[in-house]
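Student: What follows is a protein structure lacking sequence information:
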DNA sequence: TTGAAAGCGCTAACAA
DNA sequence: TTGTTAGCGCTTTCAA
């Protein structure tokens, strides 16, 4: 019994089929260059041995790993689940393997991982980057990179355009009679944070509503829950949160405090993550097809790899829409302190 | 301007640091073999060039890719996200890269991917396998493999032991006065399906309760929702579902039909996925630390890789417990038809 | 402490 | 149509 342990190499197959390694290589990757009978012999031998060519050895020669890296700040966030799913699906469809990396919200880790990805894969999709734009530009100059929910000079990107829907949300609140609204902010390092705040404030001002930013909070359920105490006693009759995780936490926190949603306070989230339609009241939120964003970003990356260097700066935008559920209702200003 | 495109190699660093490539290699992987000053020089040069060693080239020599493959039947299921998270965390902690693969519930794809994983990575964690036990044994003989929520002869595994908690759930229902309960089955190909059904039925029989299996359904929200119509008109006063996705769907479906939970029907899920505590009523379910299972499986895999071939057959079990929330209540037999 | 050289599995000129 | 050969980036003897 020969040790079965070692993975068979091209040489084993060559020996078994009584041809040279080069012929095996050709039979497998460009069979039209090899006599039909030979191809069959090689295929048979390869099948018997359970041979499959090593991507690393191939990479060494071709420079292609047929792998894509997906770099995310925090796999914990359900918002990214959809992104992962979309990216995975598209990558697999294009014949690429997907490598998943979590940077734990650290810019340093992000940069290191991107550098490592450079020769572990053919390109990377980078979601929710914490890196400064200049760093992204540099990285992208050396390595095919597509950004999601972030833009940087000269780097292709896919952004879920939540801003118009957020404006719509403010319109909705206005129509419902709200005159004082709050915005529960996200992390300062998030590219979208100032943009969301600005879109909301602008819309509020346009309507002559007052709009207050309730600090900068982590994008978590816990942060939303913690904010409930403040929201319960303020004059705002409606709160828009940076994301759904916060909204869900806030919803729960308010319930614990005996504050009724939407009767006393209306809540609008953002992302439409799994579970946003499960709460009672179901969450009014901005739904943005994160899965599609993952697909588009991966497709853009694959296209770029296929067409060689195509450094066209393409910033794709996927639309988002306001999903009105039950966490928003008529202003309660009369009933509140 | 030299073409900045090409990834720097060990030779570039060697040239920049004015040492040989061998020294660079040593300075990076076994610095104690190199003079302190030289190490510094190499590190500096490497940093400047943004160098990072190619895992593939390294693999060629060492036979180690420092990558682990996580193979899952369906990334769509939130249950697997916890698994992914745990595995990812553990892999990263051990210095491994994580490759994520979705087999789309296909046994063929699963086998192919596992074969490909064989030389794309050092080992694989395989969750919710659809492959026959014999195939798993063969695969595992040639390639380090750890199973999650599945057992097969000679293959190490981590199983979330939901069975005792399911028995507990039946006990709970009994105490609440339920005498007729239903089990909404999962996919036939799922290893756990017959085991869950058996545990539930046995417990029910022990209590002298009637217990009926409501067919074999996909593990999805849609399936749960579709089952609502039947549940609404049957004599069962409580339903245990194969998983939370079904339970969530059922909950929603019953609500649509005007059937009150838990007043008219009690529901018990399984998995405690994200969102299970968000519904109203919040879902009573079996919580099994999928994240921990992912960690344990990955750790077992890493241990095995480190200790060389350690073919001890280890079947780890992570406990699960019944989380009693609000979807379970006193039997409504008096009030129902 | 460092360098030279061989070789890992595979592919692609080139030669036959 | 097939084989020979060289070399990809890196590690690791072996020698200096």
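Tutor: Looks like it came in fine. Small disclaimer: the values here were computed from a predicted structure and weren't measured. Numbers count the residues shown, from 1 in each chain, chains lettered A, B, ... in the order given.
Student: Which pLDDT value belongs to residue A:76?
Tutor: pLDDT recorded at residue A:76 is 80.
Student: ok, now which ones touch the nearest residue to it once chain neighbours are set aside?
Tutor: For residue A:76, ignoring the flanking residues on the chain, the nearest one in space by CB to CB, 6 or more residues apart in numbering or on different chains is residue B:85 at 6.2 Å. Quick note: C-beta positions are derived from backbone N, CA and C, even for glycine. Counting by CB atoms under 8 Å, 6 or more residues apart in numbering or on different chains, residue B:85 touches A:75, A:76, B:291, B:294.
Student: Number of residues surrounding residue A:194?
Tutor: When neighbours are counted by other CB atoms under 10 Å in any protein chain shown, residue A:194 registers 12.
Student: what's the answer for the one 3 residues further on, then?
Tutor: Residue A:197 is surrounded by 19 other residues when neighbours are defined as other CB under 10 Å.
Student: Please apply the same query to the one 4 residues further on.
Tutor: Neighbours of residue A:201 under the rule other CB under 10 Å: 17.
Student: Can stretch A:129-148 be said to contact DNA strand D?
Tutor: No - using CB under 7 Å from any atom of the strand, stretch A:129-148 stays clear of DNA strand D, coming no nearer than 13.9 Å.
Student: that older thread, so the residue nearest to residue A:76 sits in a helix?
Tutor: Yes - per DSSP: H, G, I helix; E, B strand; the rest coil, residue B:85 lies within a helix segment.
Student: how near is it to DNA strand C?
Tutor: The spacing between residue B:85 and DNA strand C, counted by CB to the nearest atom of the strand, to the nearest Å, is 33 Å.
Student: one step back: okay if I get the contacts of residue B:85 as JSON lines plus neighbour count?
Tutor: Conversion of the contacts of residue B:85 to JSON lines gives the following (neighbours: other CB atoms under 10 Å in any protein chain shown):
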{"residue": "A:75", "neighbour count": "22"}
{"residue": "A:76", "neighbour count": "22"}
{"residue": "B:291", "neighbour count": "20"}
{"residue": "B:294", "neighbour count": "27"}
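Student: Can you pick out the most distant pair from the residues you listed?
Tutor: By the measure CB to CB, A:76 and B:294 form the most distant pair in these, at 12.8 Å.
Student: Make CSV from the contacts of residue B:85 and add distance to DNA strand C to it.
Tutor: Supplementary listing: the contacts of residue B:85 in CSV, determined by distance: CB to the nearest atom of the strand, whole Å:
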residue, distance to DNA strand C
A:75, 32
A:76, 38
B:291, 36
B:294, 30
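Student: Run a quick neighbour tally on the residue of the stretch 101-250 of chain A found nearest chain B.
Tutor: In the stretch 101-250 of chain A, no residue comes nearer to chain B than residue A:119, which is 4.4 Å away by CB to the nearest CB. By other CB under 10 Å, 21 other residues sit near residue A:119.
Student: do residue A:108 as well
Tutor: The burial count for residue A:108: 11, using other CB under 10 Å.
Student: I'd like to know how far the residue of chain A found nearest DNA strand C sits from DNA strand D.
Tutor: DNA strand C sits closest to residue A:10 of chain A, with a gap of 2.8 Å, by CB to the nearest atom of the strand. Residue A:10 sits 10 Å away from DNA strand D, taking CB to the nearest atom of the strand as the criterion.
Student: what's the neighbour count on that residue?
Tutor: Using other CB under 10 Å: residue A:10 sits among 20 other residues.
Student: Wait, it touches residue A:27, no?
Tutor: No - using CB atoms under 8 Å, residue A:10 is not in contact with residue A:27; the gap is 10.3 Å.
Student: Quick one: name whatever helix or strand follows the helix or strand containing the residue of the stretch 101-250 of chain A closest to chain B.
Tutor: Assigned by DSSP states H and E, residue A:119 falls within helix A:107-120. Note on helix A:107-120: by DSSP H and E, the next helix or strand toward the C-terminus is strand A:123-127.
Student: and whatever helix or strand comes next after that next one, anywhere near chain B?
Tutor: Of the helices and strands lying after strand A:123-127 in sequence (DSSP H and E), the nearest is helix A:133-142. Yes - counting by CB under 8 Å from any CB of the partner chain, chain B is contacted by helix A:133-142 at A:141, A:142.
Student: so what secondary structure elements neighbour helix A:133-142?
Tutor: If contacts are counted by 3 or more CB pairs under 8 Å, 6 or more residues apart in numbering or on different chains; DSSP states H and E, helix A:133-142 sits against helix A:107-120, strand A:145-148.
Student: List the strands paired with the shortest one, with their directions.
Tutor: Each strand that strand A:145-148 pairs with, and the sense of that pairing, follows from DSSP bridges: strand A:123-127 (parallel), strand A:157-161 (parallel).
Student: From residue A:300, how far out is residue A:133?
Tutor: Residue A:133 sits 18 Å away from residue A:300, going by CB to CB, to the nearest Å.
Student: what's the domain layout of chain A?
Tutor: Domains of chain A are assigned by automatic domain parsing as A:1-50, A:67-160+A:289-318, A:161-288+A:323-336.
Student: Just send these back as a markdown table, with distance to residue A:60 too.
Tutor: Listed next are the domains of chain A as a markdown table, based on distance: least, CB to CB, whole Å:
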| stretch | distance to residue A:60 |
| --- | --- |
| domain A:1-50 | 13 |
| domain A:67-160+A:289-318 | 11 |
| domain A:161-288+A:323-336 | 37 |
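Student: mean pLDDT lowest for which of those domains?
Tutor: Among the domains of chain A, domain A:1-50 scores lowest, with a mean of 85.
Student: how far out from the middle of the chain is that one?
Tutor: 41 Å (CA atoms, centre = their mean, to the nearest Å).
Student: How about stretch A:177-190?
Tutor: With CA atoms, centre = their mean, you get 22 Å for stretch A:177-190.
Student: What is the end-to-end distance of that stretch?
Tutor: 31 Å (CA to CA, to the nearest Å).
Student: in that stretch, what's buried?
Tutor: Using 16 or more other CB atoms under 10 Å in any protein chain shown as the burial criterion, the residues of stretch A:177-190 that qualify are A:178, A:179, A:180, A:181, A:182, A:183, A:184, A:185, A:186, A:187, A:190.
Student: thought the fourth one was touching residue A:173?
Tutor: If I follow you right, that is residue A:181. Yes - between residue A:181 and residue A:173 there is a contact under CB under 8 Å: 5.7 Å.
Student: so what's in contact with those two at the same time?
Tutor: In contact with both residue A:181 and residue A:173: A:209, A:238, A:240, using CB under 8 Å, 6+ apart.
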